[in-house]
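Q: pasting the sequence and the predicted coordinates here, then a few questions.
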Amino acid sequence: MDFYSSLTHLPPSLVETLQISAEEENTHALYLNLAKMSEEAFLSRFPKVKPHPLLPHAFLYSKSDYEFGKSFYYDMGVYSIQDASSMLPPFYLDPKPGETVLDLCAAPGGKSILLSLLMQGRGILLSNDLSPSRAKSLSSNIERMGLGNVIVCNDDFSRHTMEFKETFDKILLDAPCSGSAMFRKSEQSRKEWSEAKVRECALIQAELLEEAYAMLKPGGRLLYSTCSFSYEEDEGALSSFLSKHPDMKTIRVQESPLLYRGKKIPDSVLLLPCLFPGEGQFLCLLEKEGSLEGASERLCASKTGFEDLLGFYGLSDRFNFLSSSCLWSLPRFFDTKSLHTLRKGLKVAEGPYFEPDQSLAHYLGADYQVELTSSQALSFCKGETFPLCLGDGYYLASYQGLGIGFFKMAKGKMKNHYPKGLRRQYKEI
């Protein structure tokens, strides 16, 4: 059986329209980081973008107009590029500042970025991916965006379910799937699709749903999503899960003609590229019976020996700690000693000399920056140096209020600390 013949849960006319849309060009979208740039400033620079039909601060664009992924503003964390439909799961989960949130299958990080931005950098976001290479990509994207409340780990949470029993206020489970919503973007996804793969993924999804259920607080919310249109991975997986957990109820998200409602689970949604300007997504919001308690604000901070440094950068009121010869910072304490972590929060500095880290450069606001001219910024991004009349010490180079990277002045000479792996030769800014 081919893919389209398998979609018996959808009306034949809709399947036909979906098949036609699969041959059309895929869409492109981004979500704006308002901590880096206002909508007004963004639209003045990029007037040809179009508003996302359902989300604030998100935009659709054509690659013939803008190459956003190759821009200085992308590297500075001004926006996150992701599919327009994949932005909706974090938006509907609606994490609040101060909550404890888990993104269980997080790479490459688009959904985690949106979760953190919605949390306004407060509370704890634990972003995990089982794949080591994908987790590294996730960590890089978190650093690029300048997010200060995200812990990145690369672990199998089936080993930690009881340890984190009823720990999280919100959980996003964007489960591994057969990937039929990727057909327009990836010819490989089309070739690899099979009924056997759908069945295999459904088994993994069932296990992950059970893990998420165990770690969700009473009164907490779980957003389940896939980039598959197959019933077995979507409504089928959820129907089986709900039959085992009568204390879980589905929550209806916003009404829109762009959303196709499930027949078995009417509160579930299919984002189909023939209806919605995106590649596609299945999602359903669920809530566990009970009531949430207020978020804990325990700091449990100990002396790090770097109080002056932390105070200088405005981090004194956070939970700051030393681990693996690095100085880390989080909004509050969260115990990760049993997890394999790649990023323990905001990386402030690293030994042996504890120079300010690149992560801090993207996190800090304008109060700590030395504003460069356009030509100086282009030069700095290439790793070059130039004369500046500044005293000895570390400084944060910026352009238009965007922290680029640190440099050190010693006896009137600049040493550029912008990491070699990030250096770019931009045509213009």
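A: Looks like it came in fine.
Q: pLDDT weak spots in this protein?
A: Per-residue confidence of the chain (counting by pLDDT under 70) places the weak regions at 294-302.
Q: so which residues of it form helices?
A: Residue ranges of the helices in the chain, as given by DSSP state H, are 12-21, 39-45, 72-75, 88-93, 110-118, 132-145, 187-192, 195-215, 235-244, 307-312, 358-363, 374-381.
Q: residue 256 is nearest to which of the ones you listed?
A: Closest to residue 256 of the helices of the chain is helix 88-93 (CB to CB; 10.3 Å). Every residue, glycine included, has its C-beta placed from N, CA and C.
Q: take the helices of the chain and lay them out in TSV including distance to residue 27 and mean neighbour count.
A: What follows is the helices of the chain, written out as TSV (distance: least, CB to CB, whole Å; neighbours: other CB atoms under 10 Å):
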stretch	distance to residue 27	mean neighbour count
helix 12-21	11	15
helix 39-45	19	13
helix 72-75	18	18
helix 88-93	13	25
helix 110-118	14	26
helix 132-145	20	20
helix 187-192	16	12
helix 195-215	24	18
helix 235-244	25	18
helix 307-312	43	14
helix 358-363	27	24
helix 374-381	30	18
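Q: got JSON lines for those helices, with distance to residue 429 too?
A: Putting these into JSON lines (distance: least, CB to CB, whole Å) gives the following:
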{"stretch": "helix 12-21", "distance to residue 429": "37"}
{"stretch": "helix 39-45", "distance to residue 429": "10"}
{"stretch": "helix 72-75", "distance to residue 429": "5"}
{"stretch": "helix 88-93", "distance to residue 429": "29"}
{"stretch": "helix 110-118", "distance to residue 429": "22"}
{"stretch": "helix 132-145", "distance to residue 429": "16"}
{"stretch": "helix 187-192", "distance to residue 429": "35"}
{"stretch": "helix 195-215", "distance to residue 429": "42"}
{"stretch": "helix 235-244", "distance to residue 429": "46"}
{"stretch": "helix 307-312", "distance to residue 429": "28"}
{"stretch": "helix 358-363", "distance to residue 429": "16"}
{"stretch": "helix 374-381", "distance to residue 429": "5"}
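Q: of these, which is nearest residue 287?
A: Residue 287 sits nearest to helix 88-93 of all the helices of the chain, at 10.8 Å, using CB to CB.
Q: so which elements touch that closest one?
A: Judged by 3 or more CB pairs under 8 Å, 6 or more residues apart in numbering; DSSP states H and E, the packing partners of helix 88-93 are helix 110-118, strand 168-174, strand 216-226, strand 281-288.
Q: list the contacts of residue 423.
A: Taking CB atoms under 8 Å, 6 or more residues apart in numbering, we find residue 423 in contact with 381, 382, 383.
Q: would JSON lines of the helices and strands packed on helix 88-93 with distance to residue 149 be doable?
A: Shown next, in JSON lines, are the helices and strands packed on helix 88-93 (distance: least, CB to CB, whole Å):
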{"stretch": "helix 110-118", "distance to residue 149": "6"}
{"stretch": "strand 168-174", "distance to residue 149": "13"}
{"stretch": "strand 216-226", "distance to residue 149": "18"}
{"stretch": "strand 281-288", "distance to residue 149": "22"}
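Q: which one of these lies nearest to residue 401?
A: Evaluated over the helices and strands packed on helix 88-93, closeness to residue 401 peaks at helix 110-118, with 17.4 Å, by CB to CB.
Q: give me the contacts around that closest one.
A: So helix 110-118 is in contact with 31, 33-35, 80-83, 86-87, 89-91, 93-95, 101, 103, 106, 125, 127, 138, 141-142, 145, 147, 149-150, 172, 174, going by CB under 8 Å, 6+ apart.
Q: and for stretch 305-320?
A: For stretch 305-320, the external contacting residues (CB under 8 Å, 6+ apart) are 148, 299-301, 304, 322, 327-333, 346, 348-349, 354, 356, 360, 364, 367-368.
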